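Asker: Sequence plus predicted model, see below.
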Amino acid sequence: MPRTAARRGLGLALLALSLLVSPTARAVQPGEVLPDPKLEARARDISAGLRCLVCQNQSIDDSDAPLARDLRLIVRERLRQGDDDKAVVDYVVRRYGEFVLLRPVLAWHTALLWLTPLLALLLGGFALWRGARRRRPPAPAALSPAEEAAVADLIRRP
């Protein structure tokens, strides 16, 4: 019995290790890959920063959604036409809006989005500070002369 438990534990450990070591699966199909490795690397870099509008929490490079595939093809087509990386991203943003960016631009209309984590940390720190101040025990009151005499009497006793 201990042998099968040990084998099972070893099997689970190997499975966990293989999951940790395995590369991330990409949704890019072989037919989408550009023949020029430099262009393909640029396309991967751009697609890693673009959000899948269907999945909304994945890049188009990681998503299997048909719209993500269409966006990957648009990125590759624009690169083949000679656009630089910024022009490709600008084209996609003009077409689909800023929501398509996984990392939003830093501008006045997105200031709240960028400042919210900082504000949350500051408010949390202030709340902790206030809570710590409230929990301090009150300073002990001074002893009356009668209490001081009683303490002195207790100290003198053998």
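Answerer: Cool, got the structure.

Asker: Could I get the CA-only coordinates of stretch 139-146 as PDB?
Answerer: Provided in PDB are the C-alpha atoms of stretch 139-146 (Å, rounded to 0.1, in the frame of the first residue of the first chain):
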ATOM      1  CA  ALA A 139      -2.800  56.200  29.800                       C
ATOM      2  CA  PRO A 140      -3.100  54.800  33.300                       C
ATOM      3  CA  ALA A 141      -4.500  57.200  35.800                       C
ATOM      4  CA  ALA A 142      -2.200  58.500  38.600                       C
ATOM      5  CA  LEU A 143      -2.500  56.800  42.000                       C
ATOM      6  CA  SER A 144      -4.200  58.600  44.800                       C
ATOM      7  CA  PRO A 145      -2.100  59.200  48.000                       C
ATOM      8  CA  ALA A 146      -4.000  56.400  49.800                       C
END
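
Asker: how far out from the middle of the chain is that stretch?
Answerer: A distance of 55 Å separates the centroid of the chain from that of stretch 139-146, by C-alpha atoms, centre = their mean, to the nearest Å.

Asker: What mean pLDDT does the longest helix anywhere in the chain get?
Answerer: Secondary structure of the chain per DSSP state H: the longest helix is helix 111-134. Helix 111-134 comes out with an average pLDDT of 88.

Asker: which residues sit against the helix or strand just after it?
Answerer: Remark: after helix 111-134, the chain's next helix or strand is helix 145-156, criterion DSSP states H and E. Residues outside helix 145-156 that contact it (C-beta atoms under 8 Å, 6 or more residues apart in numbering): residue 143. To be clear about C-beta, it is placed using only N, CA and C from the backbone, and glycine gets the same treatment.

Asker: mind listing what's buried in helix 145-156?
Answerer: In terms of neighbour count (16 or more other C-beta atoms under 10 Å), helix 145-156 has no buried residues at all.

Asker: what are the C-alpha coordinates of the longest helix of the chain, in CSV please?
Answerer: The C-alpha trace of helix 111-134 is given here as CSV (Å, rounded to 0.1, in the frame of the first residue of the first chain):
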residue,chain,number,x,y,z
ALA,A,111,-6.2,59.2,-15.1
LEU,A,112,-8.8,57.6,-12.8
LEU,A,113,-7.9,54.2,-14.1
TRP,A,114,-4.2,54.7,-13.4
LEU,A,115,-4.6,56.5,-10.1
THR,A,116,-7.2,54.2,-8.5
PRO,A,117,-4.6,51.6,-7.2
LEU,A,118,-2.6,54.4,-5.7
LEU,A,119,-5.7,56.0,-4.1
ALA,A,120,-6.7,52.6,-2.7
LEU,A,121,-3.3,52.1,-1.1
LEU,A,122,-3.4,55.5,0.4
LEU,A,123,-6.9,55.1,1.8
GLY,A,124,-6.1,51.7,3.1
GLY,A,125,-2.9,53.0,4.8
PHE,A,126,-4.9,55.9,6.3
ALA,A,127,-7.6,53.5,7.6
LEU,A,128,-4.9,51.2,9.2
TRP,A,129,-3.3,54.2,10.8
ARG,A,130,-6.6,55.5,12.2
GLY,A,131,-7.5,52.1,13.5
ALA,A,132,-4.1,51.7,15.2
ARG,A,133,-4.6,55.1,16.9
ARG,A,134,-8.0,54.2,18.2
